[in-house]
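Asker: Next one to model:
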Amino acid sequence: MSEEQKTAPQDNNLDDFIADSDTGGRLPRGAFGKAALWYIPLIWSIYQLWIASPLPFMLGVGVWNDTQTRAIHLGFAVLLAFIAFPGLKSSPRHHIPIGTWVMAIVGALASSYLFYAYEGVAARSGAPNTTDVVVAVIGIVLLLEAARRSLGFPLMGVALFFLAYVFFGSWSGLPEVVQWKGASLNKAMSHMWLTTEGVFGVALGVSSGFVFLFVLFGALLNQAGAGNYFLQLAFAALGHLRGGPAKAAVIASAATGLISGSSIANVVTTGTFTIPLMKKVGFPATKAGAIEVSSSINGVLTPPVMGAVAFLMTEYVGISYVEVVKTAIVPAAISYVALVYIVHLEALKMGMTGTSRMHPVKFMLGAIFIIATSIVVAGGALYVTGLVVDMFQSVLGAGAVWAMVALMAVLYVVAVRFAAQRPDLEMSIESMEHLPPTREIFKTGIHYILPILLLMYLLMIERKSPGLSAFWSTIAMLVILATQNPLKAFFRGESDTMAQLKHGFSEIAEGLIIGARNMIGLAAAMGVAGIIVGAVTLTGIGQVMAEFVEFLSGGNLLAMLFFVAVISIILGMGLPTTANYIVVSSLMAGVVVELGAQSGLIVPLVAVHMFVFYFGIMADVTPPVGLASFAAAAISKGDPLRTGFQAFFYSIRTALLPFLFIFNTDLLLIDVGPYQAVFVFIIALIAMLLFAAGTMNYFMVRSKLWESAALLVVAFTLFQPGYFLNKLQAEFESRPGTEIFALAEAAESDASIRVRLMGESIEGDMVDARYLLPLGEAGASGADRLYSGAGIELREEDGKLFIDNLNFGGPAEQLGIDFDWEVVEMDVAVDRMPKEVFYLPAFLLLAVVYLLQMRRKRKEESEGVPA
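Answerer: Next up is the predicted model:
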């Protein structure tokens, strides 16, 4: 039996795993079933492009409100979840049973109920009739089943737990602290299904308006060959180094993170090629799989898409998309460079060699230089594009848009002409081992970079909405899919141009279908996450979670953050990225804000959301439910649990970052200028590399125990120099609460002020906590800046200040501040020595470790002892 025949069954098993986890494992052989799974996803993609385009408003056709478009979106998802995903392992895969069709159609009709019955439901707001309630019950049951089929039991199980709490929360057998009055069927169904507080809330709105288009954009980009291009580019650049395939896996996963919002899809896309090659150069199966898992997890933490969480975060936190990207970029970049370094240390420890034996320090400096150069080049390209557009607009006026389209078309044709000078990139493991030079591969896919730059330009420079930006970028991808092969045939002098054009349109259809099928589970997850969010808003269980964590932590701040991290990992097990974020942010973000404020920890809300998001994503790694680890193990043929534990060890650096940026928000570039941002990035990167070296017990050579401990101390000092300064001198001094107006008026633009407030919560508990209140534009009075920034108005009584009015949905209201709370005192920053002074002893200790290890290394090399 040949090697290919031996591996074929395993490859088939992997294909089944991927289909079951991603696009659906049912492959009908009958004409009707095939047509259904071809046309329905295609129509869904066309529908999403239609509602995202300006055409409905221009033509006056198909203009629906947000709730109606969400209902149609969910209807498609539920219909496809039933017909594309078998209900059980024993269910038929090659035809769609009649019973499944019945459930699929009923589920789709119930899910789209708010589309065709919108006016009647709106007229009965708060007083549903029997039909409304029956449809809601059927809809929720079938939505949960659709989620179970497409995503497995975990998300459905979490939703059922919350639904049980909604109906049976008044049961006397529950602890008194978690009891609530319970809800009637009418009230619960109205809240969950007939309003925008539950299933058809923000999450499904983001799924319908933004996420689908980004997933579709990624599917089209991958269909065009961009995934293979980025993968081979990474291998060509890094494959010759020690452990080159593993380093290429890290970089390729960063690139495909833009294409895929799923850590599992990321593992499969790159891991199919990287894991076998890692094993070939000497990495054990578990470590090869773990490296791919750790790389892929980082892909969904990396801007600009972040597994679609970037767009949810703009809605939940109330900040712009650009702010979310700015906040996430440094931790993601640091984490990736550190993972490359970890791979390098593993290669050194295992005695691997490459055709290039670059010194580790030179290697890391080179990697940092390449990353920094890439960021500068990309940012510079966007900036120059903005200047060119401004120039065109000043000269051509309304014709500037068409001039820019023409210029982009010319650039595209030139890029394809470059690509046509070389054969198309093959996608096989054998081709990865004999790649041409990096510059030659780079030429073959320059045209793939253009739609990505267009997307970034529209989002970052023009500040267009994510939906509109993704729409125009997707249109650009459709053009590329239709024309790249005919243009290549033309430039190569081939005669099959028309055949290539026809093939391009079939590629478009295939990309539209894949994009829609990739969205089935994601859209179902958004709907089910809405059930969980609705339960939280209906029952007030968020307050119960706060009290539970406070009880576990005993009021200790670090213990509180640790328990929040653990609970976030547990809540995120088995959930896709976006549903994961919705669940952990709904339940745990408020806990960090409330308990942190009571302990004097005041951080911006976006930092809190990043904290819980990072730990929620760690669930994809962590056994026993780490789905990404199972996907990697299916490729590496290693043990899934050992792969998961090894991936968790590699991902410790990712788990460390949230704790660091909670205490040092400079890492999130909050209130940081451009020069300081560069300084923060460099220092934080050095600290993370030292942390990696300390945990791997290898720096220049194998480290002694005290050397590893010293490296960890240096890393901590670089990350949090203020810790030692706070031990010597207080960071703030107290001022009377009555000075709030004067301090607010004197503060700089985009500043915030720290206040201590006391009052009674809506639950009747006394609150005594500190809060960070943002201020409006400078130049106005203190009262006006407080109202425009934080959304509060104050009144004076007997020489004291109290909260008199709150802007609904404003920052103060989101922080849990309530009416009639007293402004007790203000915290004003003390003029003290810079915290960066503590970098000096840290670098001295680092120099001692470095010199000692280098002396030992030279001695070992002279004696011929392996590293």
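
Asker: What residues sit buried inside stretch 159-170?
Answerer: The neighbour-count check on stretch 159-170 (16 or more other Cβ atoms under 10 Å) flags A159, F162, L163, Y165, V166, G169 as buried. All C-beta atoms are positioned from the backbone trio N, CA, C, and that covers glycine.

Asker: contact partners of that stretch?
Answerer: Among residues not part of stretch 159-170, those counted as contacts by Cβ atoms under 8 Å, 6 or more residues apart in numbering are 140, 144, 147, 178-183, 185, 188, 528, 531-532, 535-536, 538-539, 541.

Asker: Kindly provide the whole-number mean pLDDT of stretch 557-575.
Answerer: Looking at stretch 557-575 alone, the average pLDDT works out to 81.

Asker: And the closest residue to S473 other than its chain neighbours, its phi and psi?
Answerer: In space, and not counting its chain neighbours, S473 is closest to L455: 4.0 Å by Cβ to Cβ, 6 or more residues apart in numbering. Here the main-chain torsion angles of L455 (degrees, to the nearest 10) amount to phi -60, psi -50.

Asker: I'd say L455 and G467 touch.
Answerer: No: if you go by Cβ atoms under 8 Å, L455 and G467 don't touch, sitting 11.8 Å apart.

Asker: So which of these two has more stuff around it?
Answerer: With neighbours defined as other Cβ atoms under 10 Å, L455 and G467 compare such that L455 has more, 25 against 20.

Asker: residues touching G521, list them.
Answerer: Under the criterion of Cβ under 8 Å, 6+ apart, the neighbours of G521 are D22, A81, A147, S150, L151, P576.

Asker: Identify the residues contacting T438.
Answerer: T438 sits next to L233, A236, A237 when contact means Cβ under 8 Å, 6+ apart.

Asker: Mind checking which of those are in helices?
Answerer: With helices identified by DSSP state H, the entries of the contacts of T438 that belong to them are L233, A236, A237.

Asker: what's the burial count for the first one?
Answerer: Translated: L233. Taking other Cβ under 10 Å as the neighbour definition, L233 ends up with a count of 21.

Asker: my guess is it contacts K443, does it?
Answerer: No: at 10.5 Å, L233 does not count as touching K443 under the criterion of Cβ under 8 Å.

Asker: Distance of M278 relative to Y650?
Answerer: 13 Å (Cβ to Cβ, to the nearest Å).

Asker: Equivalent analysis for L194, please.
Answerer: Shown here: L194 relative to Y650, a distance of 46 Å by Cβ to Cβ.

Asker: what about the helices in the stretch 351-500 of the chain?
Answerer: Across the stretch 351-500 of the chain, reading from the start of the chain, the helices by DSSP state H, counting those that start in this stretch fall at 360-396, 400-420, 429-433, 438-443, 446-456, 466-491, 497-539.

Asker: quick one, the longest one and helix 466-491 angle?
Answerer: This means helix 497-539. Helix 497-539 runs at 160 degrees relative to helix 466-491, counting by axes from the mean of the first three to the mean of the last three Cα atoms, to 10 degrees.

Asker: Helix 497-539: how far from the chain's middle?
Answerer: Taking Cα atoms, centre = their mean, to the nearest Å, one finds the center of helix 497-539 at 17 Å from the center of the full chain.

Asker: the domain parsing of this structure - what is it?
Answerer: The chain is divided into the following domains under automatic domain parsing: 3-164, 204-494, 732-831.

Asker: for these, which one sits closest to S862?
Answerer: Proximity to S862 (Cβ to Cβ) singles out domain 204-494 among the domains of the chain, at 17.1 Å.

Asker: Just grab the bridge partners of R756 for me.
Answerer: Listed beta-bridge partners, R756: R770, E825 (assigned using DSSP bridges).

Asker: how deep is it tucked in, by neighbour count?
Answerer: 18.

Asker: isn't it right next to E825, touching?
Answerer: Yes: counting by Cβ under 8 Å, R756 does reach E825; the two are 4.8 Å apart.

Asker: between these two, what contacts are shared?
Answerer: Contacts common to R756 and E825, judged by Cβ under 8 Å, 6+ apart, are G737.

Asker: check contacts around P28.
Answerer: K34, A36, L37, H94, H95, I96.

Asker: With A420 instead?
Answerer: Shown here is A420, whose contacts under the criterion Cβ under 8 Å, 6+ apart are L487, K488, F491, R492.

Asker: go with 6 Å
Answerer: The neighbourhood of A420, defined by Cβ atoms under 6 Å, 6 or more residues apart in numbering, consists of K488, F491, R492.

Asker: List just the nearest of those residues to N807.
Answerer: K488 (56.8 Å).

Asker: Specify the next element, helix or strand, located C-terminal of the helix-or-strand element of the chain with minimal mean pLDDT.
Answerer: The helix or strand of the chain with the poorest confidence is helix 3-21; it has a mean of 47 (mean pLDDT, DSSP states H and E). Scanning the chain past helix 3-21 towards its C-terminal end, the next helix or strand to appear is helix 31-52 (assignment: DSSP states H and E).

Asker: Remind me what that following helix packs against, helices and strands.
Answerer: Contacts defined by 3 or more Cβ pairs under 6 Å, 6 or more residues apart in numbering; DSSP states H and E place helix 31-52 against helix 212-224, helix 497-539.

Asker: Kindly reformat the ones you listed as a markdown table and extend each row with mean pLDDT and distance to P834.
Answerer: Supplementary listing: these in a markdown table, determined by pLDDT from 0 to 100; distance: least, Cβ to Cβ, whole Å:
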| stretch | mean pLDDT | distance to P834 |
| --- | --- | --- |
| helix 212-224 | 87 | 42 |
| helix 497-539 | 88 | 42 |
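
Asker: Of those helices, flag the one that's most buried.
Answerer: Across the helices and strands packed on helix 31-52, averaging neighbours per residue (mean count of other Cβ atoms under 10 Å) puts helix 212-224 on top, at a mean of 27.

Asker: Dump it to CSV, restricted to CA.
Answerer: Backbone C-alpha positions of helix 212-224 (Å, rounded to 0.1, in the frame of the first residue of the first chain) are rendered in CSV as follows:
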residue,chain,number,x,y,z
PHE,A,212,-21.2,38.7,7.0
LEU,A,213,-19.5,41.1,4.6
PHE,A,214,-16.1,40.6,6.3
VAL,A,215,-16.4,36.9,6.3
LEU,A,216,-17.5,37.1,2.6
PHE,A,217,-14.5,39.3,1.9
GLY,A,218,-12.2,36.8,3.5
ALA,A,219,-13.8,33.9,1.6
LEU,A,220,-13.4,35.7,-1.7
LEU,A,221,-9.8,36.6,-0.9
ASN,A,222,-9.0,33.0,-0.1
GLN,A,223,-10.8,31.8,-3.2
ALA,A,224,-8.7,34.1,-5.3
